[in-house]
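Enquirer: please find the sequence and the predicted model below.
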Amino acid sequence: MDAGRRISSSSSFNSSHEIGSSTTKGFTEGAEQLISKLQEAAEAVPRSTTGNPEVAEVPVSLLFSSAAALNESLNEIKQLRAVLKGDSVIVGADSNNMRPSAWAHREQKYRTDLRSLQDSVRALEAQVARSEAAAARVPGLEAQVAQLEAAERMAEAQLLEARSAERLAELEVALARIGTLEATAARVPELEQAAAQVSKLEEQAARAAELEVAAAAARQGQQQQQEAAGVEAAARIAELAAQAARVPALEAALATLKETLHTAQTRASEAEAAVAPPAPAENQATQAGNQGEGAAHFGTQTAQAELGDAASQTLQGVSGPAQATQTAQSEHSSQSTQAGSNLGGEAAQATQTATTEQSSQSTQACSTVDMGAAQATQTALTEQSSQSTQAGSNLTGEAAQATQTATTEQSSQSTQACSTVDMGAAQATQTALTEQSSQSTQAGSNLTGEAAQATQTASAEHSTQSTQAGSNLDVGATQATQTALGEQFTQSTQAGSNLTGEAAQATQAVQSDQATQSTQAGSNLDQGA
């Protein structure tokens, strides 16, 4: 077949063209209908099932691929019909020169193509049937998909609920943990304070060890001081015992005083007799009597005063050394002797002086001497007795007080010596240990209860012992020493008080006798005058 030649409409060609035309026309129309049905079936597939791989993906893709193949076949058929109708030109062929064999060959080719197209159509029909069957299964699959979606939603709800419960449990645990952390955070200052207190306790424990060593040294020093104080107290007690042994000598001195007083009274009586009024003149006799009475009172008062001084000096010798007692006794003896010897001269001189004075003044002086002398004598003797008693008691009390003061000073010096060790530190240690023990117990330190209690007890005992060692340094020994010294001082004081009381009682009795005798002598002189 030559190129560029058109197909002519010969009778032979027309006959064959009509046959082919009718055949291809029917086939074309059937193919177009089939393609339209396939497209409608493809469009009828639900869009919701396109995402399901079991339902839509394979059939729909197959439908569209078959539709594309049909469109290609349809296009070829349309071209063939156009050629058969003579609407198209076969390139390189001349219709006038076309041979019947060429047309037969081409017709054979078209028939072959037609059979292949028919096969394709049958395949497409079978595929359409399968697609229709698959489309019939779509509602059931949709129901299954709905069930699956409902089950999936239920499973998701259950999973969400389980996760919510799990999350809730986690949140509860987290809240509990947060509460614990908040409680721990609230205890952080207490724990820090407890840690600081523990460090302070350690420092105080080290300090307490040092104080214990210092207290031991101070206790040893105090023991030595107490031993020295005991030796000194023993010496003082021996001295007091020696003074107590002088009681018989004092009693002898009192007897001597009584004899001296008796002698003084005798000399006073002699002086009273010596100053009796002369017979010639009544006025002179009265004045002389009054003058003699006054002189006698004056001499008696002088003797009694000297006797009181001697008694006071003798009583003061109770708690003094032996030399002081002997000196007082010798002075008393000399004064008593001098008082007795000078009594007459003083009476005579007083008589002469009274004679030269006026009568009224002599009478008034005599009355004043008479009334005041007796009262003054008794008052003076009472005061002398009380002063002598008080002097003896004071001397004995001063000796006991001096000894007790010395012991107290020694104890105070021992206490001060221990305070020098570090009294402030001991007190501060006690306070700090007590506060730190209570704070450590309140803070809930990591020590066990028994260990904390033992530590607190040991700290308290140590503080108490340190304080007792710092303040008293063996209170028991000091108290025992003070008790022994107190008993010894009490006994010595009681012995001295008894001696002084006996001496004062004896002196007061003698002085009372003297006052009574002097009063009686004055009364007698008054009556005689």
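Expert: Right, received. Where do you want to start? Numbers count the residues shown, from 1 in each chain.

Enquirer: which residues of the stretch 251-400 of the chain score low on pLDDT?
Expert: Regions of the stretch 251-400 of the chain meeting the criterion pLDDT under 70 cover residues 276-400.

Enquirer: I should have written the stretch 51-200 of the chain there, sorry.
Expert: For the stretch 51-200 of the chain (pLDDT under 70), the answer is 51-67, 69, 80-81, 83-100.

Enquirer: can you list the domains in this protein?
Expert: The chain breaks down into these domains under automatic domain parsing: 11-136, 147-179, 240-421+475-528.

Enquirer: flag every buried residue along the shortest one.
Expert: Looking back up the chat, that one is domain 147-179. Within domain 147-179, no residue counts as buried by 16 or more other C-beta atoms under 10 Å. In this view, the C-beta of every residue, glycine as well, is placed from N, C-alpha and C.

Enquirer: residue boundaries of the strands in the stretch 101-250 of the chain?
Expert: For the stretch 101-250 of the chain, no strands are identified by DSSP state E, counting those that start in this stretch.

Enquirer: so where do the helices sit in it?
Expert: Using DSSP state H, counting those that start in this stretch, the helices of the stretch 101-250 of the chain run over 138-245, 247-274.

Enquirer: among the ones you listed, which is nearest Ser116?
Expert: Ranking the helices of the stretch 101-250 of the chain by proximity to Ser116 (C-beta to C-beta) places helix 138-245 first, at 32.4 Å.

Enquirer: report the angle between that closest one and helix 247-274.
Expert: Taking axes from the mean of the first three to the mean of the last three C-alpha atoms, to 10 degrees, helix 138-245 and helix 247-274 form an angle of 50 degrees between their directions.

Enquirer: on that earlier part again, single out the most deeply packed of the helices of the stretch 101-250 of the chain.
Expert: Highest mean neighbour count of these: helix 247-274, a mean of 17 (counted as mean count of other C-beta atoms under 10 Å).

Enquirer: by contact count, what packs against that helix?
Expert: When contacts are defined as 3 or more C-beta pairs under 8 Å, 6 or more residues apart in numbering; DSSP states H and E, helix 247-274 sits against helix 282-316, helix 322-356, helix 475-528.

Enquirer: ok, Gly140 to Ala151 distance?
Expert: Here Gly140 is placed at a distance of 16 Å from Ala151 (C-beta to C-beta, to the nearest Å).

Enquirer: actually Glu202, not the one I typed
Expert: Counting by C-beta to C-beta, the gap from Glu202 to Ala151 is 71 Å.

Enquirer: same question, Ala196
Expert: Remark: distance between Ala196 and Ala151 (C-beta to C-beta) = 66 Å.

Enquirer: give me the neighbour count for Gln79.
Expert: 12 (other C-beta atoms under 10 Å).

Enquirer: tell me which element it falls in.
Expert: Using DSSP states H and E, Gln79 maps to helix 58-85.

Enquirer: mind checking how far Ala274 is from Glu170?
Expert: From Ala274 to Glu170 the distance is 135 Å (C-beta to C-beta).

Enquirer: wait, I meant Leu181
Expert: Where Glu170 is concerned, Leu181 sits at a distance of 16 Å (C-beta to C-beta).

Enquirer: can you check Glu107 too?
Expert: Glu107 is 84 Å from Glu170, where distance means C-beta to C-beta.

Enquirer: again with Gln224
Expert: On the measure of C-beta to C-beta, Gln224 and Glu170 end up 76 Å apart.

Enquirer: and if you look at Ala185?
Expert: Ala185 sits 22 Å away from Glu170, going by C-beta to C-beta.

Enquirer: go on, Arg153?
Expert: Using C-beta to C-beta, we find Arg153 at a distance of 25 Å from Glu170.

Enquirer: please apply the same query to Arg163.
Expert: 10 Å.

Enquirer: now do Ala206
Expert: Using C-beta to C-beta, Ala206 is found at 50 Å from Glu170.

Enquirer: now do Gln193
Expert: 35 Å.

Enquirer: same question for Val188.
Expert: Note on Val188: its distance to Glu170, by C-beta to C-beta, is 26 Å.

Enquirer: try Ser101
Expert: 92 Å.

Enquirer: one more: Asp119?
Expert: For Asp119, the distance to Glu170 - C-beta to C-beta - is 68 Å.

Enquirer: would a markdown table of the helices of the stretch 101-250 of the chain with distance to Ala68 be doable?
Expert: Listed next are the helices of the stretch 101-250 of the chain as a markdown table, based on distance: least, C-beta to C-beta, whole Å:
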| stretch | distance to Ala68 |
| --- | --- |
| helix 138-245 | 23 |
| helix 247-274 | 160 |
